[in-house]
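fold the following and give me the result.
(2 chains)
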Amino acid sequence: MSPWIRLLIYLVGAPVLGGLLAGWDRRISARMQSRRGPPILQPFYDVLKLWHKENLVVRRSQNFYIFFFFLLVIFTGALFFAGSDLLLVIFALTLAAIFFVLGACKASSPYSFVGAQRELIQMMAYEPMILLTAIGMYMVTKSFYVHEIASHPTLLVLALPGIFLGFLYTLEIKFRKSPFDLSDSHHAHQELVRGMTTEFSGRALALIEIAHWYENVFLLGWVYLFFASSPLLGVAVSLLVFVFVILVDNVFARLKWQTALQSAWLVAAVLGFGNILVLAWLRHP
Amino acid sequence: MNGIKQSPWLIHYDASSCNGCDIEVLACLTPIYDVERLGVVNTGNPKHADIFLVTGAVNEQSQAVIRNIYHQLPEPKVVVAVGICAASGGIFRECYNISGGVDSVIPVDVYVPGCAARPEAIIDGVVKAIGVLEHKHREMKEIANSLDKILFHRAEKSDAPEILALQKIAYQSEAELYGDDSLPALHQTLEDLESDFERMPQREATVLGARGAQDSSATDLDRIIFVKAVVNGKIIGSIRGYAMDGSAYLSRLNVHPYFRGRGIGRRLLEEIEQVFPHVNRFEIKTGHRSKRNLFQLAKRGFEAFKTEPFTPIITWVYLQKDQRPAAAKKKGVK
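Next comes the predicted model:
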C-alpha cells in the first residue's frame, strides 16, 4: 500500500475508530462497575453537542493553541502511518503535547495551571521510555523508519519484551487513565475540577476530544508495530492492550505525581534500558 | 441529530441542602439507576456542563456561588431545582438567612419536587431538562441564523413578561460583576414592569421607578417608551427611555448574553435615540465596574458627568450626550 493511501485511511478512519474505541471504553468501564453504560456512539454525540455549544474563553488565544495541538496530533499520526521516521514522530508528539500545555497555561486558571504542570511532569515521565522504545526498535530492525520496522520479518516483541512492557506503562500515562489521570481527570472534581481542559468549552473542547481519538489510534498503531510481522496478532494485541488499559483504569486509584514520575523512570531504566543492554550484549558478547 | 439530546452533562451544586437530595442525585449515578446510559456525565466543571442541578434553599453565602456557576455555563443551559427547598425554600423559607428557592437568584427551568427528591424524580427532571435544552438550542440556532432579519419595534404592555425574563437573564452578568444582587433590574416584578408601560415620569425623577400620576392629556411620547429587538418573534434585546424637560433618560439596555458582541445593543441605542428627535441631550447610567458598557457608551458619544454611590459596592456612573441637530446628522458629520 502506498504511504499516501495509508495516510488518507488514517486521516478519515482514525477519528471514527478512535471515537468508537472511546465509546467502547465507556461501555466496558460501565460493565466493569455493573452498570449498563452509554451507547457506543456516545463520544460522537458528546462532540457534536460540544460543537453546538457556546465557546467561553478566558483569553481568545487559548483556542489558537488548542487548534495547533489538534493539528500536530494529526501530523504525528500522519507521519507514523505514512511510514516516516520514528524519532520525528516522537518530536511531533512532544510538540503537540507542549501546545496543549501552553493552551492550558494561557487560560490562567489555577486548575488548568495545576493540570498543565502535571502534564509537563507526565511528559518527563514518559519521554525516556518512548525514546528507548524507538531505540530498541532500531536495534532490532536497523531502521528508524516506520515502514521498514513494519516490514521486518520477525516479531519485534520477542526481542523487545521489556521494552514492550515499559511501553505499556507509558501507554497508561499517554491515555490519561488511572492511575495516571493526574493532569486531566474526569473524576478529580475536588482536586483539579477538570485539570487542563477546565477552561475549555464548546468547539475547543470538541477539538481536544477528537485529538485524543487520533492520538489513541496512533498509540495503538505503535503497539501494533511490535507484532507487525503477524498482522492479525498485531490487531488482536492492540485491542487487548486497550481493554487492559481500561481494566487498569477501573482497578487503580490516582497516583501522586511523585510516584508516577519515579515509577515511570524506574520502569524505563529497568525494563527499557535493561532490554537494550541485553540486546547489545547478545549482539556483541 | 445534533447530540444535544444525547449528551447532557451535569454540574451539581449544594446551595444549603441537608444532603438528602445530594445523596439522591449521586444515587442516580449508581448501578441501579445509571444515568450514564442517557449520556449524562456528572462534571465538576461548569464550563463543560449543560444542566445545572441545584439542591437546597438559597442562603446568603450560596447566592454568589450559584450566580457564578450559572454565569460560567455555556449557552444553551438549563437549571433544574432539585427538591422542595431548591424549588421554594421548603421548610427553611422563613429563615432569616434564606432568600427562597433557586429562582430567587437565577432563572429556573425545571422543578423537581420531593423531600428528599427520589432518584426516579430527579431522572425525570433531567429528562425534562433535556427537552428544554433542545428547545433552547433550536431556538438559539434559528435566531442566530436569522440575526440579519432583526426587527426593532416599540414594545407593548403584552411584551412585559418576555422583557422581564430577558432582563433577569441579561442582568446576571452585571450581578456577577459586582458580586451583589441589589441591582434594581433583578428585583423588578411583573406588575411593576407592566405599570411602567403606563407610568408618567415625574419632574424630579431622574431614574425610572418614580411613580407618576395618570394624565389622560399626556401624549404618547411623555410615557416610558420601550424598544425591543425581535428575531423570529422572540425578544432578544430591549431598552426603555422617556423624555422630560428636553432630556431623554434611557435605561435598562438588555441584550441576551448569547447574542452580545453583535451590535444589537448599539442598534437599540440608535433606535431609541430616533424615538426622541426633539430632545437636546440623552442621559443613561451604568455601574462603575461595567467596563464593557462604559466603553460601548463612550463609543456612541456618551460622556460621564457624575457618579453617585448606590450601594457600598455599586456606584452609578451617569453619562450624557448632546443631540446633534438633525441637519448635521444627515450630512454625516463625524
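
how near is A:W24 to A:C105?
Shown here: A:W24 relative to A:C105, a distance of 33 Å by CB to CB, to the nearest Å. All C-beta spots, glycine's among them, are computed from the backbone N, C-alpha and C.

so which elements touch the longest strand seen in chain B?
Using DSSP state E to define each element, chain B has its longest strand at strand B:234-244. Packing partners of strand B:234-244 (3 or more CB pairs under 8 Å, 6 or more residues apart in numbering or on different chains; DSSP states H and E): helix B:119-145, helix B:160-170, strand B:225-231, strand B:247-255, helix B:264-275.

out of the ones you listed, nearest to chain A?
Comparison of those against chain A by CB to the nearest CB identifies helix B:119-145 as nearest, at 6.3 Å.

what angle separates that closest one from strand B:225-231?
Angle, helix B:119-145 to strand B:225-231, by axes from the mean of the first three to the mean of the last three CA atoms, to 10 degrees: 100 degrees.

buried sites along helix B:119-145?
B:119, B:121-123, B:125-126, B:128-130, B:132-134, B:136-137, B:140, B:143 (16 or more other CB atoms under 10 Å in any protein chain shown).

let me see the contact set for residue 58.
I'll assume chain A. By CB atoms under 8 Å, 6 or more residues apart in numbering or on different chains, A:V58 lies in contact with A:K106, A:A107, A:S108, A:S109, A:E199.

could you do chain B instead?
Counted by CB under 8 Å, 6+ apart, B:V58 has contacts B:A15, B:S16, B:I66, B:G89, B:I98, B:S99, B:G100, B:G101, B:V102, B:S104, B:V105.

ok, now which ones touch the third one?
Shown here is B:I66, whose contacts under the criterion CB under 8 Å, 6+ apart are B:Y13, B:A15, B:V54, B:V58, B:V102, B:V105, B:I106.

ok, now which ones touch the closest residue in space to B:Q167 that isn't next to it in sequence?
Residue nearest to B:Q167 in three dimensions, not counting chain neighbours: B:N254, with 5.1 Å by CB to CB, 6 or more residues apart in numbering or on different chains. Residues near B:N254 by CB under 8 Å, 6+ apart: B:I163, B:L166, B:Q167, B:A170, B:Y171, B:G237, B:S238, B:I239.

and for A:W4, the neighbour number?
Per other CB atoms under 10 Å in any protein chain shown, the neighbour tally for A:W4 reads 9.

what secondary structure does B:E283 sit in?
Under DSSP: H, G, I helix; E, B strand; the rest coil, the three-state class of B:E283 is strand.

please name the nearest non-neighbouring residue to the closest residue to chain A within the stretch 151-300 of chain B.
Nearest residue of the stretch 151-300 of chain B to chain A, counting by CB to the nearest CB: B:Y258, 6.4 Å away. Ranked by CB to CB, 6+ apart and with sequence neighbours excluded, the top spatial neighbour of B:Y258 is B:E75, at 4.4 Å.

same check on A:L41?
A:G23 (5.9 Å).

please name the nearest non-neighbouring residue to the spatially most central residue of chain B.
Central residue of chain B (CA atoms, centre = their mean): B:I169, 1.9 Å from the mean position. The spatially closest residue to B:I169, leaving aside those adjacent along the chain, is B:P107, at 6.0 Å (CB to CB, 6+ apart).

for A:I276, same thing?
That would be A:G136: by CB to CB, 6+ apart, it lies 5.7 Å from A:I276.

now stretch B:106-113: buried residues?
Buried-residue list, stretch B:106-113, by 16+ other CB under 10 Å: B:I106, B:V108, B:D109, B:V110, B:Y111, B:V112.

listing partners with orientation, what would you give for the longest strand of chain B?
strand B:225-231 (antiparallel), strand B:247-255 (antiparallel) (DSSP bridges).

so B:V231 touches B:D148, yeah?
No: using CB atoms under 8 Å, B:V231 makes no contact with B:D148, being 9.2 Å away.

what about the two, which has more around it?
B:V231 (22 against 6).

need the per-residue pLDDT for the more buried one.
Note on B:V231: pLDDT of 83.

specify the beta-bridge partners of it.
As for beta bridges, B:V231 partners with B:K234 under DSSP bridges.

what sits against it?
Shown in contact with B:V231 (CB under 8 Å, 6+ apart): B:I143, B:S146, B:L147, B:K149, B:I150, B:L151.

most neighbours among those, which one?
B:I143 (20 neighbours).

so that one makes contact with B:F259?
Yes: contact criterion CB under 8 Å: B:I143 and B:F259 qualify, at 7.2 Å.

give me the common contacts of those two.
Common neighbours of B:I143 and B:F259 (CB under 8 Å, 6+ apart) are B:I236.

can you tell me the closest non-neighbouring residue to residue 68?
In the absence of a named chain, this looks at chain A. Nearest to A:F68 is A:F99, by CB to CB, 6+ apart, at 4.6 Å.

oops, chain B please
Nearest one to B:N68, counting by CB to CB, 6+ apart, is B:E176 at 6.2 Å.
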